[in-house]
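# only the shape, not the letters, is given here:
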C-alpha cells in the first residue's frame, strides 16, 4: 500500500469514528469546544502514528489520554465554580442523537459523570463504549487490571439511576412544551405545577456571571412558583420568545429576551409524562455557540 493510500485509509477510519469520538470527549469534558479540540488533536496524533492494527481502539485511547490531561485543569476550575455546574448545552445540529446508552449525553447522565473521578470515567468509557479489555485499559491508565475492573464497577453503579430516563414521543414532547410555555406566560403556577412530578427539581447554571439559583430548587410547588416568579419580574414591554428544540437529546426551549438568547431550558420527563427535572443554563460562556 502506498503512503497516499495509507493516508486515505486512516482518514476514512477517523471520519467513521468521529461522531463517537466527539461524544466520548464531550462526556469527559462537558464542553463542545474542548471536545472538538481534543478530537482534532487526536487526528493529528493518529495520522502520525506507526502501524495501526485497530483504528477505533487506537483513536479511543488517544482521545481518552488527551481528555485526562485536560481534566486536570478543568477540575481546578470546577472547584471554584459558582453554583451548580451543568455541561455546555449541545443542540442536535452538530452530532446525531444516539439510542446507545453508552453514548447518553443527557444532563442527568452528565451530572452523574461529573461526580466520578477522571479515572473512573475513562475506565468506564473504554470498557463499555469501546469494549477494551481490562488489560488494555490498564495500559492506558497506568493502573492494574484489577483496579480498572473496580473503577468500571463503581462508575456503572453511580450511573445506574441516571440512566433510567423515559424517552417521550415527539407528540408528547410537543404537548408538554406547549403547555409549559403557556403556563409560564399566563403566570399560573397551579397550571404549571400540574405538569411537574411531585419531587420535581430545578437546577440552574449561571456560573457566577448572571443571576441564577445557587442551589437546586426542590418540589413541584417551589419550582412552579420560581419559574412564574422570574417571568413576572421582566420589565413591561420586554419581548420574549420560546423556541422548541432538542438539547443533549432532551426536549428543550431556547428562551430569547429582546432577541438575544438568555437561557436554555431542558426537561427530563418521567414515565408518568411529568417533568422530573428542569435544567436551566444561563452562563453566557456556555450559550455562545447557540447565539449564532
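Happy to help now that I have it. These figures come from a predicted structure and were not determined experimentally. Numbering: from 1, shown residues only.

# tell me, what residue is most central in this protein?
Note on the chain: the residue nearest the mean C-alpha position is residue 105, at 4.3 Å, using CA atoms, centre = their mean.

# can you tell me the closest non-neighbouring residue to it?
residue 248 (5.0 Å; CB to CB, 6 or more residues apart in numbering). Every C-beta, even on glycine, is put in place using the N, C-alpha and C of the backbone.

# where does the stretch 1-150 of the chain have low pLDDT?
The stretch 1-150 of the chain contains residues with pLDDT under 70 at 75-76, 92-102.

# what are the phi and psi values for the residue nearest to residue 258 when sequence neighbours are not counted?
When the adjacent residues along the chain are set aside, residue 258 lies closest to residue 239, with 5.3 Å between them (CB to CB, 6+ apart). Backbone dihedrals for residue 239, given as degrees, to the nearest 10, come out at phi -100, psi 120.

# and if you look at the one 5 residues further on?
Backbone dihedrals for residue 244, given as degrees, to the nearest 10, come out at phi -60, psi 140.

# which residues touch it?
Remark: with contacts taken as CB atoms under 8 Å, 6 or more residues apart in numbering, residue 244 is in contact with 173, 174, 177, 251, 252, 253.

# can you tell me the element the third one falls in?
Taking DSSP states H and E as the criterion, residue 177 maps to helix 170-186.

# burial measure for residue 150, as a count.
14 (other CB atoms under 10 Å).

# where does it fall, secondary structure wise?
Using DSSP H and E, residue 150 falls within helix 145-159.

# ok, residues contacting that helix?
Contacts made with helix 145-159 from outside it, assessed by CB under 8 Å, 6+ apart, are listed as 109, 112-113, 115-117, 119-124, 127-128, 133-135, 137-138, 141, 143.

# which among those count as buried?
For these, a burial check counting by 16 or more other CB atoms under 10 Å picks out 109, 112-113, 116, 119-124, 127, 134, 137-138, 141, 143.

# tell me, how many residues neighbour residue 231?
Residues lying near residue 231 (other CB under 10 Å) number 17.

# got the contact list for it?
184, 185, 187, 240.

# what segments of the stretch 151-292 of the chain are helices?
For the stretch 151-292 of the chain, the helices defined by DSSP state H, counting those that start in this stretch occupy 170-186, 189-193, 220-232, 284-291.

# between those, which one is nearest to residue 22?
helix 284-291 (13.6 Å; CB to CB).

# and that closest one, what does it pack onto?
strand 260-269 (3 or more CB pairs under 8 Å, 6 or more residues apart in numbering; DSSP states H and E).

# counting neighbours, what do you get for residue 257?
Burial of residue 257 is recorded as 13 neighbouring residues (other CB under 10 Å).

# from residue 185, how far out is the closest residue to it other than its chain neighbours?
Excluding the flanking residues, the one nearest residue 257 by CB to CB, 6+ apart is residue 240, at 5.5 Å. Distance check for residue 240 against residue 185: by CB to CB, to the nearest Å, it reads 8 Å.

# check residue 64 too.
With distances defined as CB to CB, the gap from residue 64 to residue 185 amounts to 45 Å.

# between the buried ones among the contacts of helix 145-159, which is nearest residue 88?
Proximity to residue 88 was ranked across the buried ones among the contacts of helix 145-159 by CB to CB; first place goes to residue 113, at 13.8 Å.

# so that closest one is in which element?
helix 107-114.

# swap in residue 44?
helix 32-47.

# any idea how far apart the tips of stretch 267-274 sit?
Chord length of stretch 267-274, first to last residue, is 10 Å (CA to CA, to the nearest Å).

# and it, how far from the chain's centre?
Once both centres are worked out by CA atoms, centre = their mean, to the nearest Å, stretch 267-274 turns out to sit 18 Å from its chain's centre.
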